[in-house]
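>>> Here's a sequence, model it:
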Amino acid sequence: MPVALVLDRLRSAYNVGNLFRIAEATRTARIIACGYTAAPPHPKLAKTARGCDELVACETAPDAETAIRALKGQGYTIYGIETAERAVPFWEAQISFPAALVLGNEALGISPPALELCDALLCLPALGAKNSINVGNCGAVVLFECLRQWRR
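Residues are numbered from 1 along each chain as shown. Prediction:
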């Protein structure tokens, strides 16, 4: 599937490993670990990735802005997955491929400079008091929606 996953300063190597499993299940093309996001080889990441860290291409970038600029230069449409005011529910979006999904820090979200570079913002409407869900779960929902649209 022509999708890149851009991980912007994720704190938890376990979340990153989970995202490798989801990326492998959906045949996501690659993961770009930005900033201090764990990248293979990493023992905590490997524990939750269960071998998928060896099956999904991974690159690193000093920050998400660098990764986004490079992807734009390669013709990718950049989708920030964020609970921002201008974000639209993911199910209302028509994904343009190749696509890059930017997932942000578990506490801070996508960095403001990276957010500015996104072509569109998508959200998973959260009706609860916390207004968000785990970054791995969020990634799973949106990657499977990308897979659904791409297979059409």
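
>>> which other residues reach the host helix or strand of residue 70?
Assigned by DSSP states H and E, residue 70 falls within helix 64-73. The contact list for helix 64-73 (Cβ atoms under 8 Å, 6 or more residues apart in numbering) reads 4, 6, 8-9, 32, 34-35, 59, 61, 78, 100, 102, 110-111, 113-114, 117-118. The C-beta positions use only the backbone N, C-alpha and C, and glycine is treated the same way.

>>> Helices - which of those land there?
Among those, the ones falling in helices (DSSP state H) are 113-114, 117.

>>> Without its sequence neighbours, what residue ends up closest to residue 18?
In space, and not counting its chain neighbours, residue 18 is closest to residue 136: 3.8 Å by Cβ to Cβ, 6 or more residues apart in numbering.

>>> The one you found - that's part of a helix, no?
Yes. Membership of residue 136 in a helix is supported by DSSP: H, G, I helix; E, B strand; the rest coil.

>>> Pretty sure it sits against residue 22.
Yes. Taking contacts as Cβ atoms under 8 Å, residue 136 lies within contact range of residue 22: 7.0 Å.

>>> picking up where we left off before, write a PyMOL command that selects only the buried members of the contacts of helix 64-73.
The buried subset of these, as determined by 16 or more other Cβ atoms under 10 Å, is captured in PyMOL by this line:
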select buried, resi 4+6+8+9+32+34+35+61+78+100+102+110+111+114+117+118
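
>>> Return the subset of the contacts of helix 64-73 lying in strands.
In this view, those that belong to strands under DSSP state E are 4, 6, 8, 32, 34, 59, 61, 78, 100, 102.

>>> What about the residue nearest to residue 53 when sequence neighbours are not counted, how many residues nearby?
Residue nearest to residue 53 in three dimensions, not counting chain neighbours: residue 40, with 4.3 Å by Cβ to Cβ, 6+ apart. Neighbour count for residue 40, taken as other Cβ atoms under 10 Å: 18.
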